[in-house]
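> please find the sequence and the predicted model below.
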Protein chains: 4
Amino acid sequence: MNKLYSLEQNQGRRTTVLVGRIAIGQDFALIAGPCSVESEKQTILTAHLVKEAGANLLRGGAFKPRTSPYAFQGLGLKGLKILAKAREETGLPVVTEAIDPRDVGWVSEYADVLQVGARNMQNFSLLKETGKAGKPVLLKRGMTSTLDEWLNCAEYILAEGNPNVILCERGIRTFETHTRNTLDLSMVPAVKEISHLPVVVDPSHGTGRLSLIEPMSLAAVAGGADGLMIEVHYNPPEALSDKDQTLWPEQFGRLARKVLALRQFLGSLENIHAPA
Amino acid sequence: MNKLYSLEQNQGRRTTVLVGRIAIGQDFALIAGPCSVESEKQTILTAHLVKEAGANLLRGGAFKPRTSPYAFQGLGLKGLKILAKAREETGLPVVTEAIDPRDVGWVSEYADVLQVGARNMQNFSLLKETGKAGKPVLLKRGMTSTLDEWLNCAEYILAEGNPNVILCERGIRTFETHTRNTLDLSMVPAVKEISHLPVVVDPSHGTGRLSLIEPMSLAAVAGGADGLMIEVHYNPPEALSDKDQTLWPEQFGRLARKVLALRQFLGSLENIHAPA
Amino acid sequence: MNKLYSLEQNQGRRTTVLVGRIAIGQDFALIAGPCSVESEKQTILTAHLVKEAGANLLRGGAFKPRTSPYAFQGLGLKGLKILAKAREETGLPVVTEAIDPRDVGWVSEYADVLQVGARNMQNFSLLKETGKAGKPVLLKRGMTSTLDEWLNCAEYILAEGNPNVILCERGIRTFETHTRNTLDLSMVPAVKEISHLPVVVDPSHGTGRLSLIEPMSLAAVAGGADGLMIEVHYNPPEALSDKDQTLWPEQFGRLARKVLALRQFLGSLENIHAPA
Amino acid sequence: MNKLYSLEQNQGRRTTVLVGRIAIGQDFALIAGPCSVESEKQTILTAHLVKEAGANLLRGGAFKPRTSPYAFQGLGLKGLKILAKAREETGLPVVTEAIDPRDVGWVSEYADVLQVGARNMQNFSLLKETGKAGKPVLLKRGMTSTLDEWLNCAEYILAEGNPNVILCERGIRTFETHTRNTLDLSMVPAVKEISHLPVVVDPSHGTGRLSLIEPMSLAAVAGGADGLMIEVHYNPPEALSDKDQTLWPEQFGRLARKVLALRQFLGSLENIHAPA
């Protein structure tokens, strides 16, 4: 039996996931915003800035799964309300993470896309709830997940009747310490060969280094990614988390222009064939 | 500030976790039983056989986190009732996994030790619920977890007021394919140097190979492990999951005798010092 | 003290490595050819075909480091002579591997670029000999090498007085089994930030999958690679090694056209700045 | 065709490697000494101390493969002469590394056992020379080597007619940073199941932490290791390399006593069978 995620099962048709007026898988998804929602000012100001710079979706975490129980865990409901206000002001749909199956219902009332984070990729209860939630789901690859395991986690969501799954490559854990993770861009074409689901790339977590975010964004796009998810803060040195991998809005603006120009150019390459 | 898990914070005293009459950390914990509870007959028969063979705790999964949504997911409540009956008949306390924070309350009514599995190590909602559940928790190391991350997950439980945490090394993910995982026994002495918590080893998942379970069990004990967790089935070829790493009761019996003899012998080594 | 490989030590100037009329680091290096030199016909025919398709350097192994001592080990001197003949006929400079420090001298008489393979990255005797050989060296990253270790291996060559080192990312070893290796493209911008040396990418070994070679080639170029190294055979099903990752000449031709068009386009992106 | 390393090819007989009066594979090999030969005084003093403490072979490097070309690279021939003098004074046979195929011949005149280091595991020219050298070879597992690749490297030596190969597990590279490498003890029983060759363990490099060397030595022995290879220096804080993982002679003495007592005890376990 073919799995629901397989391209074959979908008779070779690719899925597009509608979020507001963006058809992810067809339109390029430029998801930007802060790691965490820290305050109304920070989120709304950043939302305006990323929108001007070219983003078409807003990211921001209200629940942060943190290694230590004593680290900032997010603003919770208050954070979701801030995100909703940012959406109202900017028109940007909101991508935000749920980390507890009990929260999926009410987080869905605020989110336009529910994110399942890398640490929760195999949290099967959470996957099932997001499968029932009636909202698109952005499913990050686990730090140590194989392609097969990742796609099977998508299957948990699809099997509950939710066809709107977006995969997100965000780097895997290896011995290399220069980068925070090893961004495995080969997963982009690999996913698209096997599955009909769109796939975006998170170079912020994938590299953990400011200087690598722009080149790896361009590489992701050239490799066929359907979008990018990037951490931006109106003032990175003030960020409560991930400050070393968070772009200034101007840096993001330059990246966005390059990425969109590249994306357009790549369309023209499709007519290139082997010499006759 | 010292973390609650640290040996220093506990003023150098090691924790023992009382489960029935077993003081884990002092008494050797020999946790055995099937991967999944499949039927009353299978579980109760296996429970009797592992008890005769030397086990002092019974393991068995009523909820199975499986890569594919179409694989056997466990018997749920029915499985827990079977485990309770097996405990009644054999006197063996029950170690069983909870995979959803919503289930922790009622799973606790059946379990003597709540297991948090490798895939859920950083399921922080689940950790917090097990921290409130009033039952000891066996916390498996994630497949890609560092020592520091693992101990911080224990901290999530301890910080909720539950001091009864048992750590379980079960192998990490590496490039090596001969074994299912790479059993990282160095974590046993490393945990005991840093933390006051007891640590047991699961050579069944840690190696995934029948022939390696006994030698790695002996190695774990020699390295200082406070116990072992081993998959045994009254008839392994019939097992619904993990059949290739499941021991026959006689194999487990031989292993148990060797392990307990070794454990006793190791006590005598403590008087060995450098030549004068 | 700055290392010789460091960009700072070179006062911010990037190195270009002259090979024939190609200035690698400035001109794009498109290195193509068979995994192994198998016969005169195979090599010369393939050389003509890759040249027509756009290659500007020819690769081919006369010495093959193979996992098993009983696998095809290469034609040795005979293979080098075939490569020299292919160069004569096509004008393409030859990149070929030396695997023994004793061979570096005479291999250099045939090679235009000496390759040090991944398994030999830390074969320090070999590195030192290539440092004395008076020919440019293409240094592949070891399968388990960190960036720092890799650059230090370049230092071994530079310290012998040979400034002409080209780095080659070819994938690292991880738990992922869908791809042969995990191609770590983040090393491309990372190398260029730290070092003045040019860096090329080998997507053939880096992915081990035919369908991933073109998208990952485009990704490498977008990420800033100075060249690509690709396995091509005039008839891949007949290849004695690596047949599953070897392109047909037409496939390579299409890839070459796309890559060169992309490379040209990327130049235009450099004028993009943040919105004023 | 069975490989020469396979237990089956050897009709189930295990190889013992004679070094002086030690039959490795039957007698327990306790190989101890400094990381590098630094001076006559250091080596000879350490040799006497490890002998008194229980070692039956002396280790010490005259050629050190170092990440940086500017780190101490060993004393070379002078170091070998010091090792020969240490052997003369103490009677301990010498295990020392060759890193260049050109050196194997004359290093063999000083060494009793030729070591091939982890970085050179797949240096096939070196392997072939050690296969011809007429001396036993201790072959370390590469940091990223699978079991199959490691055994195939032994095959390179065996295929040259040298049957005296000793394998040495020394840890693999993983994401875990608490330990220098991840010591993969499961390779000990895995090697012994597949191959007739003896296998020893190096917990010094395998853990990189003083406090873990003794427990992991005991674990290795309980897992079936035929010996241990341990870094000892008469005064570790003065060591030029690896000082953080080098034992004082007294620490080694205590370890040796425990290990030998454990080894003897394990013999008695072999008569334990399943309950009737």
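Yep, that arrived.

> C-alpha from now on. contacts and neighbour counts both.
Will do.

> is stretch A:47-67 in proximity to chain D?
No - using C-alpha under 8 Å from any C-alpha of the partner chain, stretch A:47-67 stays clear of chain D, coming no nearer than 15.2 Å.

> helix, strand or coil for the nearest residue to residue A:102 once chain neighbours are set aside?
Once flanking residues are discounted, residue A:102 sits nearest to residue B:102: 7.3 Å by C-alpha to C-alpha, 6 or more residues apart in numbering or on different chains. Assigned with DSSP: H, G, I helix; E, B strand; the rest coil, residue B:102 falls in the helix class.

> count of residues packed around residue B:102?
Other residues lying near residue B:102 total 16 when counted by other C-alpha atoms under 10 Å in any protein chain shown.

> how much space between the closest residue to residue A:36 other than its chain neighbours and residue A:32?
Closest residue to residue A:36 apart from its sequence neighbours, by C-alpha to C-alpha, 6+ apart: residue A:61 at 4.3 Å. Distance, residue A:61 to residue A:32, using C-alpha to C-alpha, to the nearest Å: 12 Å.

> more neighbours: which of the two?
Just comparing residue A:61 and residue A:32: by other C-alpha under 10 Å the higher neighbour count belongs to residue A:32, 32 against 25.

> what parts of the stretch 51-200 of chain A come near chain D?
A:173-176.

> ok, so of these, who is nearest residue B:138?
residue A:173 (24.7 Å; C-alpha to C-alpha).

> helices of the stretch 151-276 of chain A, residue ranges please.
In the stretch 151-276 of chain A, the segments counted as helices under DSSP state H, counting those that start in this stretch are A:187-194, A:203-207, A:210-222, A:249-269.

> could I have the CA atoms of the longest one written out in CSV?
What it means is helix A:249-269. What follows is helix A:249-269, C-alpha atoms only, in CSV (Å, rounded to 0.1, in the frame of the first residue of the first chain):
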residue,chain,number,x,y,z
PRO,A,249,15.4,43.4,9.3
GLU,A,250,17.8,45.0,6.7
GLN,A,251,19.8,41.8,6.4
PHE,A,252,16.6,39.9,5.9
GLY,A,253,15.5,42.4,3.3
ARG,A,254,18.6,41.9,1.2
LEU,A,255,18.2,38.1,1.5
ALA,A,256,14.5,38.3,0.5
ARG,A,257,15.3,40.3,-2.6
LYS,A,258,18.1,37.9,-3.7
VAL,A,259,16.0,34.8,-2.9
LEU,A,260,13.0,36.1,-4.9
ALA,A,261,15.2,37.1,-7.8
LEU,A,262,16.8,33.7,-7.8
ARG,A,263,13.5,31.9,-7.5
GLN,A,264,12.3,33.7,-10.6
PHE,A,265,15.5,33.0,-12.5
LEU,A,266,15.3,29.3,-11.7
GLY,A,267,12.0,29.1,-13.5
SER,A,268,13.8,30.0,-16.7
LEU,A,269,16.3,27.1,-16.2
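
> and the angle from that helix to helix C:210-222?
130 degrees (axes from the mean of the first three to the mean of the last three C-alpha atoms, to 10 degrees).

> helix A:249-269 packs against which elements?
helix A:40-53, helix A:210-222, helix C:249-269 (3 or more C-alpha pairs under 8 Å, 6 or more residues apart in numbering or on different chains; DSSP states H and E).

> buried set for it?
A:249-263, A:265-266 (16 or more other C-alpha atoms under 10 Å in any protein chain shown).

> ok, residues contacting it?
A:30, A:46, A:49-50, A:53-55, A:214, A:217-218, A:221-222, A:232-234, C:258, C:261-262, C:265-266, C:269, C:272-275 (C-alpha atoms under 8 Å, 6 or more residues apart in numbering or on different chains).

> for chain B, what are the nearby residues on the stretch 151-276 of chain A?
So the stretch 151-276 of chain A meets chain B at A:152-153, A:155-156, A:159, A:173 (C-alpha under 8 Å from any C-alpha).

> distance of the nearest residue to residue A:151 once chain neighbours are set aside from residue A:29?
Excluding the flanking residues, the one nearest residue A:151 by C-alpha to C-alpha, 6+ apart is residue A:5, at 6.9 Å. Per C-alpha to C-alpha, residue A:5 is found 20 Å from residue A:29.

> check residue A:104 too.
23 Å.

> can you put the residues of the stretch 51-200 of chain A next to chain D in a markdown table and add neighbour count and pLDDT?
Shown next, in a markdown table, are these (neighbours: other C-alpha atoms under 10 Å in any protein chain shown; pLDDT from 0 to 100):
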| residue | neighbour count | pLDDT |
| --- | --- | --- |
| A:173 | 25 | 95 |
| A:174 | 27 | 95 |
| A:175 | 21 | 94 |
| A:176 | 19 | 95 |
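
> which one of those is nearest residue B:65?
Nearest member of those to residue B:65, counting by C-alpha to C-alpha, is residue A:173, at 21.8 Å.

> show the contacting residues for that closest one.
Counting by C-alpha under 8 Å, 6+ apart, residue A:173 touches A:143-144, A:181-182, B:144, D:175.

> circling back: what number of residues are in the vicinity of the residue nearest to residue A:151?
25.

> cool, and residue A:6?
By other C-alpha under 10 Å, neighbour count at residue A:6 equals 21.

> ok, now which ones touch it?
Residue A:6 neighbours (C-alpha under 8 Å, 6+ apart): A:194-196.

> out of these, which comes closest to residue B:206?
residue A:194 (30.4 Å).

> so how far is residue A:188 from that closest one?
10 Å.

> what of residue A:41?
For residue A:41 relative to residue A:188 (C-alpha to C-alpha), the value is 35 Å.

> which one of those two is surrounded by more residues?
Higher neighbour count among residue A:41 and residue A:188: residue A:188, with 25 against 13, using other C-alpha under 10 Å.

> correct me, but the more buried one touches residue A:225?
Yes - counting by C-alpha atoms under 8 Å, residue A:188 touches residue A:225, with 5.9 Å between them.

> what sits in contact with each of these two?
Joint contacts of residue A:188 and residue A:225 (C-alpha under 8 Å, 6+ apart) are A:199-200.

> so for stretch A:78-91, what's the average pLDDT?
Mean pLDDT, computed over stretch A:78-91, is 98.

> can you point out the buried residues in it?
A:79-87, A:90-91.

> list the contacts of residue A:17.
Going by C-alpha under 8 Å, 6+ apart, residue A:17 touches A:23-25, A:136, A:164-166, A:198.

> does residue A:155 touch residue A:2 like I think?
No - with contacts counted by C-alpha under 8 Å, residue A:155 stays clear of residue A:2, the gap being 10.8 Å.

> tally of neighbours for residue A:189?
What residue A:189 shows, counting by other C-alpha under 10 Å, is a neighbour count of 21.

> residue contacts, it?
A:223-225, C:212, C:215.

> ok, now residue A:69?
Here residue A:69 is in contact with B:152-153, B:155-156, B:159 (C-alpha under 8 Å, 6+ apart).

> now the strands for the stretch 101-250 of chain A?
A:113-116, A:137-140, A:165-169, A:199-201, A:227-231 (DSSP state E, counting those that start in this stretch).
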